[in-house]
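Novice: Generate coordinates for the sequence data below:
(one chain, ligands or ions: 1)
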Amino acid sequence: MLQPNKPLADLTADAKAHLLETFNVEGTVVAAAPGRVNLIGEHIDYCDGFVLPLAIERYVVIAARANESSIARISTEGQDPIEIDLTQKQEISDIKWSNYLRGVIQGFLDRGDRIPGFDAYIVSSVPLGAGLSSSAALECCFATLIEGLVDTVLRTSEKALLAQKAEHDFAGVPCGIMDQFASAFGKKDQLILIDCQTGDPEMVPFSDQSLSIIVSNTCVSHDLSDGGYATRRKATEDGLAIIGKKSWRDVTMEEVLAKKEELGDVIFRRSRHVVSEIQRTQDAVKDFKVNDFSQIGKLMAGSHASLRDDFEVSCDELDLMVKIATDIGFEGGVLGARMTGGGFGGSTVTLCRTSDAEAIAKQLHEQYLEKTGITPLIFATRPAQGAHLL
Ligand code: GLA
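Specialist: Okay, here's the model as predicted:
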């Protein structure tokens with residue numbers, strides 16, 4: 001019941017074949033960038049918190065070739081090709097998927113780069129709307145492709161920030177930095193601990209092959225631009241202002257409790273999530289470094305409960321998927337489970353023993369399908385390499 005991850009070489013061959021078929025040219029520049037799953041540290045990247053994502057073995061791949069003009073002609077599965085004039089200031093378009101690309105192009109224009117015309121074809125194995133950062137993967141992949149076309153190399157954090165700005169300005173999502181950092185900085189066998197106050201990523205080894213990460217897409221879709229995300233972010237800003245601090249990193253739980261009345265029920269609970277999740281993430285990193293998985297499981301359970309009850313970004317389907325995993329328990333090979341990403345649908349992340357992964361996926365699939373009538377998409381992954389040219 002574990003869905004296989006299409007090898008990068010196959011995705012590359014697909015992208016090149018489609019490029020040839022659509023534009024009748026051979027690809028000379030090929031870029032890849034992965035989606036991400038977050039182990040812990042949810043909805044706190046925009047609160048100066050710590051997050052612990054990893055890049056997954058699911059990629060956006062773009063094959064391209066310069067076309068001696070100043071126009072980009074870009075196509076992707078199931079969509080009509082679009083044309084973008086690379087000499088013009090970019091505007092938001094009605095064609096939604098093109099806006100991520102336009103935002104990235106504008107980022108390079110703002111740097112003063114001159115982008116040569118090109119033809120490109122995009123393929124992806126990152127499920128859409130599954131809370132696995134398909135848009136960050138697209139932005140980071142496209143930015144990496146443009147690096148190749150312009151023959152320039154951005155610092156990795158600069159590229160991630162350019163991609164984040166594209167998401168803010170062209171997709172209207174006031175996201176934090178986690179997704180683009182994870183897609184850009186990903187490394188094989190490494191988790192990425194991001195200090196979102198300083199913007200410094202630190203690699204945390206995850207090389208024990210006896211551990212795997214199962215991603216379970218509930219296939220209930222959410223749209224981050226529908227306002228839920230922005231409302232949550234605003235509540236944390238209001239909370240911080242009421243508490244009277246400049247950064248959530250300087251706020252203690254005692255200070256949140258002391259302001260309970262003033263914060264009011266909703267903002268109090270949002271604030272409690274932020275402070276407790278920052279602590280849980282720091283604790284989890286310590287536990288990972290000494291392989292204390294019973295503690296990590298408890299922290300993941302605490303994170304899920306806090307996102308469900310205090311931050312209110314879970315939903316019945318996510319709660320169910322987490323419950324099925326938790327009920328399988330330690331004896332069945334499950335070390336921890338929680339919702340991951342923005343929420344309101346999307347995916348859960350389950351840390352498990354590799355030898356039990358297939359059996360766990362079978363249970364998740366069968367029980368989730370039986371209770372909801374929805375077929376989930378379940379795959380296993382290990383930490384993968386971030387955005388790169390092939
Ligand atoms: C989305 C955003 C991220 C982060 C998560 C929640 O994925 O893009 O910046 O806020 O939600 O942790």
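Novice: The ligand contacts on the stretch 101-250 of the chain?
Specialist: 175, 176, 178, 179 (Cβ under 6 Å from any ligand atom). To be clear about C-beta, it is placed using only N, CA and C from the backbone, and glycine gets the same treatment.
Novice: Next, see if stretch 262-278 gets close to the ligand.
Specialist: No: using Cβ under 6 Å from any ligand atom, we find that stretch 262-278 stays clear of the ligand, coming within 9.1 Å at best.
Novice: buried stuff in that stretch?
Specialist: By 16 or more other Cβ atoms under 10 Å, the buried positions in stretch 262-278 come out as 263, 267-278.
Novice: what's next to it, contact-wise?
Specialist: Stretch 262-278 is contacted from outside by 40-44, 47, 49-50, 232, 235-236, 238-240, 242-243, 248-249, 251-253, 256, 259-260, 302-303, 306-307, 309-312, using Cβ atoms under 8 Å, 6 or more residues apart in numbering.
Novice: ok so, going back, show me which of the buried residues of stretch 262-278 is closest to residue 106.
Specialist: Closest approach between the buried residues of stretch 262-278 and residue 106, by Cβ to Cβ: residue 274, at 31.7 Å.
Novice: Quick check: pLDDT value at residue 133.
Specialist: Confidence at residue 133, expressed as pLDDT, is 97.
Novice: sorry, that was for residue 173
Specialist: So, for residue 173, pLDDT stands at 88.
Novice: In strands, which of the residues of the stretch 101-250 of the chain next to the ligand fall?
Specialist: Secondary structure from DSSP state E places none of those in strands.
Novice: Skipping adjacent residues, who's closest to residue 28 in space?
Specialist: By the measure of Cβ to Cβ, 6 or more residues apart in numbering, the closest residue to residue 28 outside its immediate chain neighbours is residue 65, 4.9 Å from it.
Novice: low-scoring pLDDT stretches of the stretch 151-300 of the chain, where are they?
Specialist: 222-226 (pLDDT under 70).
Novice: Show me where it has its strands.
Specialist: 190-195, 200-205, 211-217 (DSSP state E, counting those that start in this stretch).
Novice: Buried deepest among these, which one?
Specialist: When those are scored by mean count of other Cβ atoms under 10 Å, the highest mean neighbour count falls to strand 211-217 (a mean of 25).
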